[in-house]
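S.K.: Whatever this is, show me its structure:
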Amino acid sequence: MRAKPMPPEERRAAIVEAALALLEDEGPELTTRMVAEAAGVAEGTIFRVFPTLQDLMAATYVEYLSADRLAEKLGAVQPGEDLEQATAAALVALADYIESVHFALHPPQRPDIKPTAHVLEAKEQFKARFRDLLDWLVQTFEPHSREMTITPQSYAHFLLTLSLGRHMGRPAGLEIPEITQFALNGARRRSTE
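M.R.: Okay, the predicted model is just below:
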C-alpha cells in the first residue's frame, strides 16, 4: 500500500529538512540519493520538487542561512560584563557561525550552469546574515563604546575580518584568546618608561 501523498509545500519542507540534517556533515558532497533516503522519498520525487541538485542545495542553504537560525544562535551568547569578555564571547560566536556555514562561503558552482533564482536567493541570504552579524556585534559593543578608541561599528568590522581570516588560515591561524588580546591591545608593545 502506498503512502498518502503530501501537499507540495509539505513535501518541499520535508525534503529541505532532510537535507538540512545532512548538510553540516556532508556539505557540498550531499547527494540527492542521501536526501531521498533521509526524507523517505524516491529520488525522482526530489527532482519533481527541485529541478536540479543546484536548486535543492540552494533551497537548503537559504533555510540554513535563515535569520531565525542566526538569531537563535546569537540569542544564546552571553557577552559578559566587560569589553574583554564581550570581545571573547563575540569571537567565539563568530568562529562557531563561520565554521557552521563554511561550505556556504563558496558553494560549488558549475561554470556551464547559470545560477537559478534559488542560488541567487541563497547568496543574498548569506550576505544578509553577515549584515545581521555586524548589527549584533555593534549592539554588543555599544555599552562599551567609552572604553574603545574606535567606534563599535569599526570594531565590529575589525572582529569579523579577523574571524574570517582566522577561519581561512586554519590550522596555523591565531586562536581566539590571542585574537581577543590583539583586538583589545593591538600589536605594539607598550613602553615601560
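S.K.: Going by C-alpha atoms from here, please, whenever you check contacts or count neighbours.
M.R.: Noted.
S.K.: Flag the shaky bits of this structure, pLDDT-wise.
M.R.: Scanning the chain for pLDDT under 70 picks out 1-4, 27-28, 102-116, 118-119, 169-174, 187-193.
S.K.: Tell me where the chain has helices.
M.R.: Here the chain has its helices, by DSSP state H, at 8-26, 32-39, 43-49, 53-64, 67-75, 83-100, 102-105, 117-141, 152-168, 176-185.
S.K.: For the last one, enumerate the helices and strands it packs against.
M.R.: Read that as helix 176-185. helix 83-100 (3 or more CA pairs under 8 Å, 6 or more residues apart in numbering; DSSP states H and E).
S.K.: Which positions within the helix it packs on qualify as buried?
M.R.: Neighbour counts using 16 or more other CA atoms under 10 Å place 83-84, 86-95, 97-98, 100 of helix 83-100 among the buried residues.
S.K.: so how far is it off the chain centroid?
M.R.: Relative to the chain's own centre, helix 83-100 is displaced by 13 Å; criterion: CA atoms, centre = their mean, to the nearest Å.
S.K.: and that helix with helix 8-26, angle?
M.R.: 110 degrees (axes from the mean of the first three to the mean of the last three CA atoms, to 10 degrees).
S.K.: can you list the residues that contact helix 83-100?
M.R.: Helix 83-100 is contacted from outside by 24, 73-74, 77-80, 137, 140-141, 144, 147, 159-160, 163-164, 167, 176-177, 180, 184, using CA atoms under 8 Å, 6 or more residues apart in numbering.
S.K.: Among those residues, name the buried ones.
M.R.: 24, 74, 79, 137, 140-141, 144, 159-160, 163, 167, 176, 180, 184.
S.K.: out of the residues you listed, what pair is the most spread apart?
M.R.: Glu24 and His144 (34.8 Å; CA to CA).
S.K.: ok, back up a step: could you single out the nearest of the buried ones among the contacts of helix 83-100 to Pro152?
M.R.: Taking the buried ones among the contacts of helix 83-100 together and measuring to Pro152 by CA to CA, the closest member is Phe141, at 5.5 Å.
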